[in-house]
Structure formats: C-alpha cells, structure tokens
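> below are the sequence and a predicted model; questions follow.
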Amino acid sequence: MFTPASQHSAVQPSGGTSGPSTPSPSPSPSPTPTPKVCARNAPGFPCEMRNRIKKIRAYMRQLPGSIGIVIYDRKNGATWHNGNADVAYPAASTMKLAMMTDILLRSDAGSITLTSADRQAMFQALYTSNDDDANYLWNRYEDGSFLNRIQRFGMTSARFTSSVPNWGFMYCTPQDLDNLINYVLKHTPRNVRNYLVYRLQHVAALDQQWGVWGAGPENHPGNKDGWEQDGNIWITNTVGFAGPGQEYTMAIMYNLEGFGGVGDAGFKYGSNKLTQIASILFQGHHTAAPTPQASAVP
C-alpha cells in the first residue's frame, strides 16, 4: 500500500519538454506486529507449547472419569502436570516397558544371559504388547525384587496389587511412567537405549499406534500403551516421547469410571482421547481417531 501524492509538480527533464510528473511514492509504515500472547501455565516451555498445553487442559476438563498427565521438556527441564500426576492407576501393559528395561540392563551387566527365544519374546511384548510373551519373561527373570529395581527408574510409587507378584497386577502414577521413559532416554547404556527407542518407534498399528503416537509422524513418536477392563471400567494408558531427539516425554493414565459405554466402547473412547491430547500438543490440532482393537493382548 502506498500513500498517494497530494499534488503534482512540474519539472524540466534534461533534453525534454516540461510536463507534470508524479514524485516517487513513499511506502506506508509497516504495521506493528501483534505481540504473541503466551499462556501463563507451564512456565519454561516455548510459547507455542504453553498455548497448546492450555488447550489440552480445557480439553481434559470435559472428559469423564479421572485422568493424570505429565509432560516434560528434556531440552530445558521444564515440566507440566495436572493434579492427578501422583495418583496411582492400574499400570496395565505400560509396566512391560519397565520390565524390558530391567531385563536388558541386567543382561548388559552380565547377570543374566538372554536366549534367542527371550529376545523374540521381548520383541513381541513391545511390538504387539503380547501378554503370553511378557508372562514368559516374568517367570524366567522376575519376582518380587522387580519392585526394588524399578525404584531407580524413578518409579517410587509403583506397587503390586496381588499377593503373587506379577507385572499385570501393579499400580503406578503418571509421574512414575514419565520418570521411567526419561530414565530410558538419559541413563541407560547406549545399546539398551537405542534398542528401546527403536522398538517404541516401530510398534504394531493394530495394537499400539495411539496415545503419544498422536504426535504425528513428523515428530517421530515412540510409545508403550496399556489398557485393561475392570468390570465396567476401562483403563487406557500411554507413555512415550516425541520431537527431534526425543525432546519431549509424555505420560497419561486414564480411568474411564463413569463413562457408561458397553463392550469395548470405553477402550475406543479412551484410546482416542489420549491420541487427541498428543495431537493437540504436538501438532496443534485434532487428528483422525485411531482404530486399534481391544483384545486379550493389552
């Protein structure tokens, strides 16, 4: 846009005849850019992430049941969580990530020797979250002492809910799960870390590509999901990472008590809501609902 001249002035061009001429127009001043408004929540996060966290807070307030969430920025140490971050929920299959981490660390230290069958079982326990493979590994390598070992992963609130210790009967908090994934990314030996990161980034579409997976392929997410049905109540959990260099970690645990759905409606609802939370945070918008299948393989 230009400011029009208010009048014309006569000039005598060299070697030409006199005549009216319009002076060079002057550009209008550039408009002052509107300052970017940053949400007050989640100090330490980049402005865009703070605004998206504000959106997911509003989104979660509309959900039935109880949901706990932790988001951590590994680049600058910023963290945000809601009021349920330290509430214990059924861990379901997210505990398989803790078990695989423990077994790999003990193997790396030379205290156990893994067979090819063991490694195949580890693959399936992470890829499809197969219960039979997880039970096989538990019976070979784990017992009640597992609880003591995962304390160093930061899983200080984890506990068994059965008199017979088993990965499938455990509670933990969203903060426990976020501590776990950060331990994997920061404190494990490179070979252990590389294996787990790769496996979490290459999980089965049918069972595990929801939750943190909603960050979208451009953010290279990796996750371990878990779910279970307790009577009429569905539990859906997700823990993982997204962003360049696994910059952000996220853990969400969701108890759909009061949802009121029938069959596997609770699973579909919960897995979708966790996926949308991740999509809003990392992509800035909702995404297509995932289509995993609830089965006996949580």
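Perfect, I can see it now. Residues are numbered from 1 along each chain as shown.

> give me the below-cutoff pLDDT ranges for the chain.
Residues of the chain meeting the criterion pLDDT under 70: 1-35, 295-298.

> can you give me the helices in it?
47-61, 95-108, 116-127, 131-141, 146-149, 174-187, 190-200, 265-283 (DSSP state H).

> could you list the buried residues of the shortest one?
Within helix 146-149, the residues that qualify as buried are 146, 147, 149, counting by 16 or more other CB atoms under 10 Å. Any C-beta I mention is one placed from the backbone N, CA and C, and that applies to glycine too.

> ok, the last one - contacts?
Taking CB atoms under 8 Å, 6 or more residues apart in numbering as the definition of contact, the neighbours of residue 149 are residue 102.

> go on, the second one?
Going by CB under 8 Å, 6+ apart, residue 147 touches 158, 159, 160, 165.

> what count of nearby residues applies to residue 39?
Look at residue 39: counted by other CB atoms under 10 Å, it has 17 neighbours.

> can you give me the neighbour number for residue 265?
Around residue 265 there are 14 other residues, counting by other CB under 10 Å.

> just to revisit the earlier point, next, format the buried residues of helix 146-149 as TSV and append distance to residue 204.
Formatted as TSV, these follow (distance: CB to CB, whole Å):
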residue	distance to residue 204
146	25
147	28
149	27
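
> what's the closest non-adjacent residue to residue 182?
residue 249 (5.6 Å; CB to CB, 6 or more residues apart in numbering).

> and for residue 114?
Nearest residue to residue 114, sequence neighbours excluded (CB to CB, 6+ apart): residue 107, at 5.0 Å.

> pretty sure the one you found sits against residue 119.
No - counting by CB atoms under 8 Å, residue 119 is not a contact partner of residue 107; they are 9.3 Å apart.

> compare the two (neighbour count), which wins?
Each of residue 107 and residue 119 has its neighbours counted (other CB under 10 Å); residue 107 has more, 18 against 13.

> what sits against residue 258?
64, 65.

> quick check on it: phi, psi?
Here the main-chain torsion angles of residue 258 (degrees, to the nearest 10) amount to phi 90, psi 0.

> wait, residue 162 touches residue 169, no?
Yes - with contact defined as CB under 8 Å, residue 162 counts as touching residue 169 (3.8 Å).

> quick one, which of these two is more surrounded?
Between residue 162 and residue 169, residue 169 has the larger neighbour count (other CB under 10 Å), namely 15 against 9.

> got the contact list for the more buried one?
Contacts of residue 169 (CB under 8 Å, 6+ apart): 160, 161, 162.

> ok, 10 Å please
90, 91, 95, 159, 160, 161, 162, 163 (CB atoms under 10 Å, 6 or more residues apart in numbering).

> how much space separates it from residue 48?
Residue 169 sits 41 Å away from residue 48, going by CB to CB, to the nearest Å.

> span of stretch 147-163 from start to end?
13 Å (CA to CA, to the nearest Å).
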